[in-house]
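A.B. asks: need coordinates for the following:
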Amino acid sequence: MTRSFHHIACKSDKLAATLDSATGTTALLIVSGGNEIRSGAHSGMAGLALRISEQGFPVLRYDRRGIGESSGDNQGFLGSADEIAAAAEFLRQEQPQITSVVAFGNCDAATALALFGPDAGINGYILANPWVIESRVVPDETQPTMSSAAIRSRYWDRIKNPRTIVDLLSGKIDFGKLLKGLKQATRSEENSALSLQLRKALSGLEANTRILLAKRDTTARAFLAAWNSADFAQVRDKVTITVEPLDSASHSFADKAAREWLTEKLLEALRAA
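C.D. replies: Residues are numbered from 1 along each chain as shown. This is a model prediction of the structure:
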């Protein structure tokens, strides 16, 4: 395994990229979510790439245009089709033994991959906590707008915890805020336009697709609400799509157990490709 640094042509711009080369014929393309640089929070993606490449699979990471060391303007995840295509093409050129590229993305990167992966020639997908929330808040901020379903799930977790009653009686929990939250949880809502766009993309994917969910994460809960709705009924029947939950609240799979689980799921998908 050798780690090298590159610049990938993307229209008139350059994407800063890191390649962990290996001899395997299946490669992993990591697409960063939000405005995160390719190394990931606390170098999480860099560590993940190392673990995967040590098992014989080449791994490429890159900064989206306008992010990190890449040039150009940041057009957000909905404007990232050119980056995904350029990175996939570069990966095949640099590792000519490759016959299959599996792509992994978390949060809005997962949604971007479902939308734009087919045109980039992606052969398999690992989509973690896909982003379906439409609001004025970008996905990597700390206080995104929560869906009613996510609020209901969150409060149900609290109600099941005996400690909640103790905290209510002791005044540690503001009863007024709790009632306000429960009122928000009772709102009925339709699936967002973005979730319906994602549904259409998923329905068109022919490659094997794994959807990984940290099921106590707000983003994952919002996706699950859409996934379990009538709008997604036909997509749920696709045999090429599997949903695999982890009992975790870590959106980025940052703790040791979640990190190991994510690594193993990626290796399973790469070995099966």
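A.B. asks: contacts for stretch 223-242?
C.D. replies: The contact list for stretch 223-242, computed with Cβ atoms under 8 Å, 6 or more residues apart in numbering, reads 129-132, 147-150, 153, 191-192, 195-196, 198-199, 202-203, 205-211, 213, 215, 243. The C-beta positions use only the backbone N, C-alpha and C, and glycine is treated the same way.
A.B. asks: from those residues, which would you call buried?
C.D. replies: With neighbours counted by 16 or more other Cβ atoms under 10 Å, the contacts of stretch 223-242 contain buried members at 129-132, 147, 149-150, 153, 191-192, 195, 198-199, 202, 205, 207-211, 213, 215, 243.
A.B. asks: restricted to strands, list these.
C.D. replies: Those of those mapping onto strands are 209-211, 213, 243, per DSSP state E.
A.B. asks: which one of those residues is nearest residue 119?
C.D. replies: residue 209 (15.7 Å; Cβ to Cβ).
A.B. asks: and that closest one, what is it in contact with?
C.D. replies: Neighbours of residue 209 in contact, by Cβ under 8 Å, 6+ apart: 114, 124-127, 202, 240-242.
A.B. asks: in the sheet, who's paired with residue 106?
C.D. replies: residue 128 (DSSP bridges).
A.B. asks: let me know the closest of the ones in strands among the buried ones among the contacts of stretch 223-242 to residue 254.
C.D. replies: residue 213 (15.2 Å).
A.B. asks: what's around the nearest residue to the closest one once chain neighbours are set aside, how many residues?
C.D. replies: Distances taken as Cβ to Cβ, 6 or more residues apart in numbering place residue 220 nearest to residue 213, at 4.2 Å, with adjacent residues excluded. Other residues within reach of residue 220, judged by other Cβ atoms under 10 Å, total 26.
A.B. asks: which SSE is residue 219 in?
C.D. replies: Assigned by DSSP states H and E, residue 219 belongs to helix 218-227.
A.B. asks: how far out from the middle of the chain is that helix?
C.D. replies: Relative to its chain's centre, helix 218-227 lies at 12 Å (Cα atoms, centre = their mean, to the nearest Å).
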